[in-house]
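Engineer: quick one, what's the 3D model for this:
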Amino acid sequence: MATKKSQPARRKPRSDAQQNRARILEAAKKAFSRSGALTSMDAVARRAGVGAGTLYRHFPTREALLEAVYRTELEKLAAAEHEFAATLPPVDALRAWMLLFVEYIAAKQIILPALNMVPGGPAKIFQNSGSLITGAIESLVQRAVQSGEIRADIAPMDLLRALYGVSSVAAVPDWPQSARRLVDILIQGSRSMK
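Structural biologist: This next block holds a predicted model:
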């Protein structure tokens, strides 16, 4: 009777490796935001305060780094919905999440052109993001409606479409500032008339 070999348990990365990874991702996000997706990997490593070997150990290619930056922004967005709902009043939670969504859109726009060059394109990376985003805003809007702070006729997808619309003019350098102002306009226009 043949016995099955057990797979060795995967160890959790050391805390310094986790910190390096987090610093690299934050530095990459800032570098890509400032200089575009073709920013040199060495510049990202310098900005993160790590050696090139450390960067390449975590992210062997630019595409892997770009994908990780995108996934990290998506994870922040997902975690923020729960955090904001637990710590902020309903309208403030919705506003804070929408402002974070603007940052997510900015990261996605920077990363998308580079990911389009990867075999298979970005479809696999983006496939779960739609339901996560829709679920988050629906939950936050529902909470704000139930509190009486937001009108019941506000459709969560309308709020998202408005933010996506502003972000579609990405050729304008200050679109994120416009989008942040739009968040306040959308929130104000959604308030209940008490």
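Engineer: can you give the domain ranges for this structure?
Structural biologist: Domain assignment for the chain by automatic domain parsing gives 15-60, 63-190.
Engineer: for the helix or strand where residue 134 lies, name the packing helices and strands.
Structural biologist: Secondary structure from DSSP states H and E places residue 134 in helix 129-146. Judged by 3 or more Cβ pairs under 8 Å, 6 or more residues apart in numbering; DSSP states H and E, helix 129-146 is in contact with helix 62-87, helix 90-116, helix 156-167. For every residue, glycine as well, the C-beta is placed using N, CA and C.
Engineer: buried residues in stretch 183-194?
Structural biologist: Residues 183, 186-187, 190 are the ones in stretch 183-194 that count as buried (16 or more other Cβ atoms under 10 Å).
Engineer: could I get the residues you listed as JSON lines with secondary structure?
Structural biologist: Formatted as JSON lines, these follow (DSSP: H, G, I helix; E, B strand; the rest coil):
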{"residue": "183", "secondary structure": "helix"}
{"residue": "186", "secondary structure": "helix"}
{"residue": "187", "secondary structure": "helix"}
{"residue": "190", "secondary structure": "helix"}
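Engineer: out of those, flag the one nearest to residue 92.
Structural biologist: Nearest to residue 92, judged by Cβ to Cβ, of those is residue 187 at 9.2 Å.
Engineer: which one is that closest one nearest to, not counting chain neighbours?
Structural biologist: residue 95 (5.1 Å; Cβ to Cβ, 6 or more residues apart in numbering).
Engineer: next one: residue 100
Structural biologist: Spatial nearest neighbour of residue 100, excluding adjacent residues (Cβ to Cβ, 6+ apart): residue 80 at 5.2 Å.
Engineer: contact partners for the closest residue to residue 164 other than its chain neighbours?
Structural biologist: Among residues not flanking residue 164 along the chain, residue 105 sits closest, at 7.0 Å (Cβ to Cβ, 6+ apart). Shown in contact with residue 105 (Cβ atoms under 8 Å, 6 or more residues apart in numbering): 163-164, 167, 179.
Engineer: tell me the two of those residues that are most distant?
Structural biologist: 164 and 179 (9.4 Å).
Engineer: who has more neighbours out of the two?
Structural biologist: residue 179 (23 against 13; other Cβ atoms under 10 Å).
Engineer: centroid residue for this structure?
Structural biologist: The chain has residue 73 as the residue nearest its centroid, 2.4 Å off, counting by Cα atoms, centre = their mean.
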